[in-house]
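*Asks:* Fold the following, please.
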Amino acid sequence: MPTIRDIAQKAGVSTATVSHVINNTRYVSSEVSDRVLQAMKELGYQPNDLARSLKLGKTNTLGLILPDHSNPFFAEVSRIIESYAYLLGYSVIICNTENNADKELVYIKTLSQKKVDGIIFVAAGSDNRSIMYLQSLDLPIIIFDREIPVLMEKPNISFLVTDNYLGGVMATEYLISLGHSRIGCITGPSNLTPGAQRTNAFRDVLKKHDIPLHENLIIKGNFDYPSGYECAQKLLSLPEPPTAIFACNDMMAISAMRAIREHGLRIPEDISIIGFDGITLTAYQWPSLTTICQPFKEISETILELFVNTTKSTPNSASRVVLQPALILRESCKAIK
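*Replies:* This is a model prediction of the structure:
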């Protein structure tokens, strides 16, 4: 196996010059550089990328920790993050925790041991072990889609969220504008910020319009297909079912649409439904799903921009960014007579 010394001897240069060519750490004339590269090619020399990365203190890799990569929202965001990171010269290691706190902690430790240049983190819940370990790390961390107050003062940790409360207001106001007053709400897990904020907005808007809040119309889901279906079944089985449903994410809205059909109801003639996230699949449902859309491209690009800004090591470089959602009007909602 050829060494740097062998390359230097064949190219007629010092080992230091070979090192500078490989690591691009100092200017070397094109004529000398070409000789070194030709010697490497002839001898079949392959640089040790790991050793070089450790020496330079940079691996050009990012860790992306997701609670459920089968969720189309996270799948679409991670695809754009990976594409944008590639343009910046970074590879992305994607870790799926399956909403398991133990697995989440293992992945955080593994990524830090692999010397990734930064971690993009979506919490599975509020596990204190993960939070404490993140606090101990001295590398850029971007926390997405979650609010974790105890980490907000760390200079190397930035936050990116969509205004979930505003999105909940937009969804509820739209249904009320169509004449609905008996509205069901399929919420997410109460310990996760997005679901809580969307549900709080739903409650506040009803109160604002003096519409009675019936607790049996608010059913707790789990941001997945099965829970959306089961929650819709419960709502539709009530003695007085809702005339509209706000599902706090698109996955639950899509499966709720199946439950609605199984009850012999038409969408939107008999019941309206609105989702949240704006995943691609919602445009191809029948009927297509009205939804509150998160800005996927802006989310992904902003995450990488926050990472780049944090790597500049400027004082107080970490930040909190809030992006705005948009109401996408499609076929699943209709004014009631």
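
*Asks:* can you tell me which residues contact the most centrally placed residue in the chain?
*Replies:* In the chain, the residue lying closest to the centroid (CA atoms, centre = their mean) is Phe74, at 4.9 Å. Residues in contact with Phe74 (CB atoms under 8 Å, 6 or more residues apart in numbering) are Leu66, Pro67, Asp68, Val122. Just so you know, the C-beta spots here come from the backbone N, C-alpha and C atoms, and that holds for glycine as well.

*Asks:* Quick check: PyMOL command selecting the buried ones in those.
*Replies:* Of those, the buried ones can be selected in PyMOL as follows, counting by 16 or more other CB atoms under 10 Å:
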select buried, resi 66+67+68+122
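
*Asks:* Alpha carbons of the helix or strand the residue nearest to the centre of the chain falls within, in PDB - could you do that?
*Replies:* Phe74 is located in helix 72-87, with elements delineated by DSSP states H and E. Extracted in PDB, the C-alpha atoms of helix 72-87 (Å, rounded to 0.1, in the frame of the first residue of the first chain):
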ATOM      1  CA  PRO A  72     -44.400  12.400   4.600                       C
ATOM      2  CA  PHE A  73     -43.800  15.800   6.100                       C
ATOM      3  CA  PHE A  74     -40.400  14.800   7.500                       C
ATOM      4  CA  ALA A  75     -39.600  12.800   4.400                       C
ATOM      5  CA  GLU A  76     -40.100  15.800   2.200                       C
ATOM      6  CA  VAL A  77     -38.200  18.200   4.400                       C
ATOM      7  CA  SER A  78     -35.300  15.700   4.700                       C
ATOM      8  CA  ARG A  79     -35.100  15.300   0.900                       C
ATOM      9  CA  ILE A  80     -34.700  19.000   0.400                       C
ATOM     10  CA  ILE A  81     -32.200  19.300   3.300                       C
ATOM     11  CA  GLU A  82     -30.100  16.600   1.700                       C
ATOM     12  CA  SER A  83     -30.200  18.200  -1.700                       C
ATOM     13  CA  TYR A  84     -29.300  21.700  -0.400                       C
ATOM     14  CA  ALA A  85     -26.500  20.300   1.900                       C
ATOM     15  CA  TYR A  86     -25.000  18.500  -1.100                       C
ATOM     16  CA  LEU A  87     -24.800  21.800  -3.000                       C
END
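
*Asks:* Give the buried residues for it.
*Replies:* Buried residues in helix 72-87 (16+ other CB under 10 Å): Pro72, Phe73, Phe74, Glu76, Val77, Ser78, Ile80, Ile81, Glu82, Tyr84, Ala85.

*Asks:* Show me which pair in those is furthest apart.
*Replies:* Pro72 and Ala85 (20.0 Å; CB to CB).

*Asks:* pLDDT weak spots in the stretch 101-250 of the chain?
*Replies:* Within the stretch 101-250 of the chain, the ranges that satisfy pLDDT under 70 run 150, 152, 191-192.

*Asks:* No more questions from me, cheers.
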